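Student: no sequence on this one, just coordinates:
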């Protein structure tokens, strides 16, 4: 019986023995609408039913899991450029910060109050973040980005926040807090970052259904791009990798494309090359392994390789005396990890959802965010100054006008409070705002020693200084755009020298691999034993690249396209072995039965290792030539009564046919030899022109 499959969105899956309750009529054995009693469709232990609670549960759980991986693990937030684990590490470091280095193990333990995963994940994330150098200052062995060596155990290494992070990442008054995973603590939703971390740090992450790869950019260049946005000027930003190296950005496309990166290779003497900088994403170990592999495959004439890398990359390649330095350098880029292509895919969390953006869009968004953050800080500063001015004015009035004397006779707190408020009433116009209960408490807390030593002139100078500062803040708020520009220039002046560009932007000459390896292999043929290949002792037929495809043709007209072989049996009837070129014109002369035929043709396309025929079955190839001759010079075997012993056939004007075409009939005589140019002793008077039928 054929069962009609239900639409996927109407199926419900329930485990055997734990199914959701069936409707009453089905439980009683009633036949569902449709007429026939159909068996339930099984799915490996699951029963498909119309949409029910289990499917809803699975859908909801998968959606929650996907959302968690995207938003809480793999993808950085646009506003602060951090993944959750990085944000928690920095929050923990800021809470522990006293200016001195802290054991990484202690930082990891403190971070575990906020992070739902284990100490290993936190430790690895901290080391990775510290090696980016912007936010965490290191002390001890944090591994080596050049060699790929791992860091020492967290109990042996120490760290602290950098001055840049301390000043530009944290502001408790502007930080939105949320409960931690267990509800015991509060952690930041996002840090009020004032530098474009998402572009400075870069990021890689794989989530459910999407991934991100943000390439790191140079500190100064990103800030200059923000200044360009504020000044409405054009700008262009390109990646900068900590490993250095060379980079071509023709395909970067504002972060939506890719870059090509290369190692920096320099000559040392006549027979040595030295790798001094690595391409991004490559370690000295993986690079050396790829070079050794290329040498084994004879792509590079290498005698030895020595790694002197420590604080700087230095891999010395000792070449064979006959090796050409420039050609070897090109081969390193072509066949090893000395060159690679890195794609960019800028996906960030913006407004609690993943968004794909370009570099310029991110710069503009973060510049607008910086203006808002600086404005919020100025408003907070303005309020603090106003509160400070208000407090100093109250204290001066309280002491200068001897209001404290009026409370000496008061017996209750309410009477004291009323006496203070009444004493301040005549001076309300000197105050920035109304007097509050907190202000009264502050005045009542003034000590006698302070009253006795109070300097009215000094107090006035301090209040005047606050007023000047308030005027400056008001001017900055009024021209927030100019203030933001000055702020960015100050950051560049203070920190840019510590973060120079390391990757050199340049253009690469394209390397033609086939041209580079054109004479890499020698194909030899042993006519006595019938073997063909690079591992055969015999006649050298041609030199080729391992990237070439070879065309081999036998006397029977069979042909095949193959990879250059190490050693293969080709038998003794091989008539042609050459590089495959589907557009090349060939001339073939073959004997079939009583007649000899010829044709001009192209082999065209072929499938690797599949056998074809360029003549017809049971034919014998007499000539196969790829030089497009104008004439064929034919000598016949002697025969009784034969008058013509030689002929010339003009073939230059014949049309080029397909490989399966039969061709033109030349003669019924038995052919002894055929040449494409007149042989020695050839006499045209004895060789009339032949006719092709």
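Tutor: Yep, it's here. Computed from a predicted model, the values in this text were never measured in an experiment.
Student: Quick one: list the elements packing against the longest helix belonging to the chain.
Tutor: Using DSSP state H to define each element, the chain has its longest helix at helix 359-400. Applying 3 or more Cβ pairs under 8 Å, 6 or more residues apart in numbering; DSSP states H and E, one finds that helix 359-400 contacts helix 197-201, helix 219-230, helix 413-424, helix 437-444, helix 456-478, helix 480-495. Backbone N, C-alpha and C define where each C-beta goes, glycine included.
Student: please redo it, this time with the cut-off set to 10 Å
Tutor: Packing contacts for helix 359-400, counted by 3 or more Cβ pairs under 10 Å, 6 or more residues apart in numbering; DSSP states H and E, involve helix 197-201, helix 219-230, strand 347-349, helix 413-424, helix 437-444, helix 448-452, helix 456-478, helix 480-495.
Student: As TSV, the ones you listed with mean pLDDT would be great.
Tutor: Below are these laid out as TSV (pLDDT from 0 to 100):
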stretch	mean pLDDT
helix 197-201	96
helix 219-230	97
strand 347-349	92
helix 413-424	87
helix 437-444	86
helix 448-452	71
helix 456-478	90
helix 480-495	97
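Student: Take these and write them to CSV, including distance to residue 657 and mean neighbour count.
Tutor: Compiled in CSV, the helices and strands packed on helix 359-400 are given as follows (distance: least, Cβ to Cβ, whole Å; neighbours: other Cβ atoms under 10 Å):
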stretch, distance to residue 657, mean neighbour count
helix 197-201, 61, 25
helix 219-230, 62, 21
strand 347-349, 55, 22
helix 413-424, 113, 16
helix 437-444, 103, 15
helix 448-452, 112, 10
helix 456-478, 84, 13
helix 480-495, 72, 16
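Student: can you tell which of the ones you listed is closest to residue 359?
Tutor: Nearest of those to residue 359, taken as Cβ to Cβ: helix 197-201 at 6.8 Å.
Student: Partner strands of the next helix or strand after the closest one, with direction?
Tutor: Moving toward the C-terminus from helix 197-201, the next helix or strand (DSSP states H and E) is strand 203-206. Looking at strand 203-206 with DSSP bridges, its partner strands are strand 211-214 (antiparallel).
Student: Please spell out which residues along the strand it pairs with are buried.
Tutor: Within strand 211-214, the residues scored as buried using 16 or more other Cβ atoms under 10 Å are 212-214.
Student: For residue 392, see how far away residue 465 is.
Tutor: According to Cβ to Cβ, to the nearest Å, residue 465 and residue 392 sit 10 Å apart.
Student: can you check residue 668 too?
Tutor: 125 Å.
Student: In terms of packing, which of these two has more residues around it?
Tutor: For residue 668 versus residue 392, neighbours defined as other Cβ atoms under 10 Å are more numerous around residue 392 (15 against 9).
Student: Stretch 133-151: end-to-end distance?
Tutor: The straight-line separation of the ends of stretch 133-151 (Cα to Cα, to the nearest Å) is 15 Å.
Student: Could you tell me the average pLDDT over it, please?
Tutor: Taken as a whole, stretch 133-151 has a mean pLDDT of 94.
Student: And for stretch 597-605?
Tutor: Across stretch 597-605, pLDDT averages out at 91.
Student: Helix 480-495 and the longest helix of the chain, what's the angle between them?
Tutor: Going by axes from the mean of the first three to the mean of the last three Cα atoms, to 10 degrees, helix 359-400 is angled at 100 degrees with respect to helix 480-495.
Student: helix, strand or coil for residue 661?
Tutor: At residue 661 the chain is in coil, as set by DSSP: H, G, I helix; E, B strand; the rest coil.
Student: Hmm, it is touching residue 601, no?
Tutor: Yes. Taking contacts as Cβ atoms under 10 Å, residue 661 lies within contact range of residue 601: 6.3 Å.
Student: shared neighbours of those two, anything?
Tutor: Common contacts of residue 661 and residue 601 (Cβ atoms under 10 Å, 6 or more residues apart in numbering): 614-615, 655.
Student: among those residues, who's most crowded?
Tutor: Highest neighbour count within the shared contacts of residue 661 and residue 601, by other Cβ under 10 Å: residue 615, with 28 neighbours.
Student: Now do the same contact list for residue 146.
Tutor: Each residue near residue 146 by Cβ under 10 Å, 6+ apart is listed here: 242-244, 277-278, 282-285, 287, 309-315.
Student: who touches the helix or strand harbouring residue 120?
Tutor: Using DSSP H and E, residue 120 sits in helix 119-130. Applying Cβ under 10 Å, 6+ apart, the external contacts of helix 119-130 come out as 73, 82-86, 88-90, 92-93, 104-105, 107-112, 114-115, 117, 135-139, 141-143, 145, 150-154, 157, 159, 162, 201.
Student: So for that helix, what gets flagged as buried?
Tutor: 121-123, 125-130.
Student: Show me what the closest residue to residue 667 other than its chain neighbours bridges to in the sheet.
Tutor: Distances taken as Cβ to Cβ, 6 or more residues apart in numbering put residue 596 closest to residue 667, at 5.3 Å, once the chain neighbours are dropped. Beta-bridge pairing for residue 596 (DSSP bridges): residue 591, residue 667.
Student: so what's residue 596 up against?
Tutor: Listed by Cβ under 10 Å, 6+ apart, the contact set of residue 596 reads 589-590, 620, 622-623, 634, 636, 663, 665-671, 674.
Student: Return the closest of these with respect to residue 409.
Tutor: Taking Cβ to Cβ as the measure, residue 663 is the one of the contacts of residue 596 closest to residue 409, at 133.0 Å.
Student: Quick check: that closest one touching residue 597?
Tutor: Yes. Counting by Cβ under 10 Å, residue 597 is a contact partner of residue 663 at 4.5 Å.
Student: what residues do those two have in common as contacts?
Tutor: Residues touching both residue 663 and residue 597 (Cβ under 10 Å, 6+ apart): 588-590, 615-616, 692.
Student: Of those, which is the nearest to residue 429?
Tutor: Set against residue 429, the nearest of those by Cβ to Cβ is residue 588 (113.3 Å).
Student: Give me the distance between the closest one and residue 345.
Tutor: Taking Cβ to Cβ, one finds residue 588 at 53 Å from residue 345.
Student: More neighbours: these two, which one.
Tutor: Neighbours per residue (other Cβ under 10 Å) separate residue 588 from residue 345, with residue 588 holding more: 23 against 16.
Student: That one against residue 663, yeah?
Tutor: Yes. Residue 588 lies in contact with residue 663 (Cβ under 10 Å); the separation is 7.4 Å.
Student: still on that earlier bit, in helices only, show me the contacts of helix 119-130.
Tutor: Reading helices off those with DSSP H, I get 84-86, 88-90, 92-93, 104-105, 107-111, 201.
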